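Colleague: I'll drop the sequence and a predicted model, then ask my questions.
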Amino acid sequence: MLRRNQLNVHQLEILKLFTRSLDEKGLIEIKRLIVNYLSQKITGLADEVWEEKN
């Protein structure tokens, strides 16, 4: 069972990305990748709802 303050497997995998030395530019690039991924997922879900309602 996952406790409230415990990281899940996916969060731990993301943290492993940061074990390497990373400059500010690299950090910004990773943030953009994550935001773009989440944006695509949300857009896809919104499109599905739109199609269901019309």
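Modeller: Alright, I've got the coordinates. Numbers count the residues shown, from 1 in each chain.
Colleague: how far away is residue 37 from residue 20?
Modeller: 20 Å (C-beta to C-beta, to the nearest Å). The C-beta positions use only the backbone N, C-alpha and C, and glycine is treated the same way.
Colleague: The two: which has the busier surroundings?
Modeller: Each of residue 37 and residue 20 has its neighbours counted (other C-beta atoms under 10 Å); residue 37 has more, 10 against 7.
Colleague: Helix, strand or coil: sort out that one for me.
Modeller: Each residue gets one of three states, and residue 37 gets helix by DSSP: H, G, I helix; E, B strand; the rest coil.
Colleague: and the closest residue to residue 30 other than its chain neighbours, what are its phi and psi?
Modeller: Distance criterion C-beta to C-beta, 6 or more residues apart in numbering; nearest residue to residue 30, sequence neighbours excluded, is residue 17 at 6.6 Å. Backbone geometry at residue 17, expressed as degrees, to the nearest 10, gives phi -60, psi -30.
Colleague: Residue 17 reaches residue 29, doesn't it?
Modeller: No: using C-beta atoms under 8 Å, residue 17 is not in contact with residue 29, being 11.1 Å away.
Colleague: now the residue of the chain most remote from its centre: how far from residue 33?
Modeller: Within the chain, the residue lying farthest from the chain centre (C-alpha atoms, centre = their mean) is residue 54, at 29.4 Å. According to C-beta to C-beta, residue 54 and residue 33 sit 32 Å apart.
Colleague: Sketch out the low-pLDDT regions of the chain for me.
Modeller: Low-confidence segments of the chain (pLDDT under 70): 1-3.
Colleague: Any chance you could spot the residue sitting in the middle of it?
Modeller: Centroid-nearest residue in the chain: residue 34, 4.5 Å away (criterion: C-alpha atoms, centre = their mean).
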